[in-house]
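# kindly generate the corresponding structure for this input.
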Amino acid sequence: AAGERIQAAWLRLEDDKRNKLVQFLNADGVKITPGFLLYHAPSFLDNAKKNEGNFPLEMIFEVLLQVYEAAAKEYAKSDQKVITVMVEALAEFAKNCKHTD
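Model (predicted):
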């Protein structure tokens, strides 16, 4: 049931956004660099899923893409193969979010 809702939310994402997110997720820091490691991303996903009434599943993918795009811009001139981005505050926000306006 939860997997089906997440899949449906993924499919509602615009094609270009979904493709961009897939590119970031596939960047492994070896073949595709830089790779971004979103530290605490599993907590963000779990908290957002548990708070679905206030944090719509579609927003999970939108927010992840925004984080990846901001990191790519910030580290555009970096020669690091893997860059760790701390998203613990984002995980807490997803947990306590009352509405996403």
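
# which strands or helices does the helix or strand containing L64 pack on?
Here L64, judged by DSSP states H and E, is contained in helix 57-74. Applying 3 or more Cβ pairs under 8 Å, 6 or more residues apart in numbering; DSSP states H and E, we find helix 57-74 packed against helix 2-12, helix 15-26, strand 35-39, helix 41-50, strand 82-86, helix 88-96. Bear in mind the C-beta positions are built from the backbone N, C-alpha and C, glycine included.

# one more time with 7 Å
helix 2-12, helix 15-26, strand 35-39, strand 82-86 (3 or more Cβ pairs under 7 Å, 6 or more residues apart in numbering; DSSP states H and E).

# list the contacts of the first one.
I take that to be helix 2-12. R18, K49, L57, E58, F61 (Cβ atoms under 7 Å, 6 or more residues apart in numbering).

# now swap in stretch 79-98 and tell me
By Cβ under 7 Å, 6+ apart, stretch 79-98 touches 29, 33-41, 43-44, 47-48, 51, 54-55, 67, 71, 75.

# could I have the buried ones of those as PyMOL selection syntax?
To isolate the buried ones among these in PyMOL, judged by 16 or more other Cβ atoms under 10 Å, type:
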select buried, resi 34+35+36+38+40+41+43+44+47+48+51+55+67+71
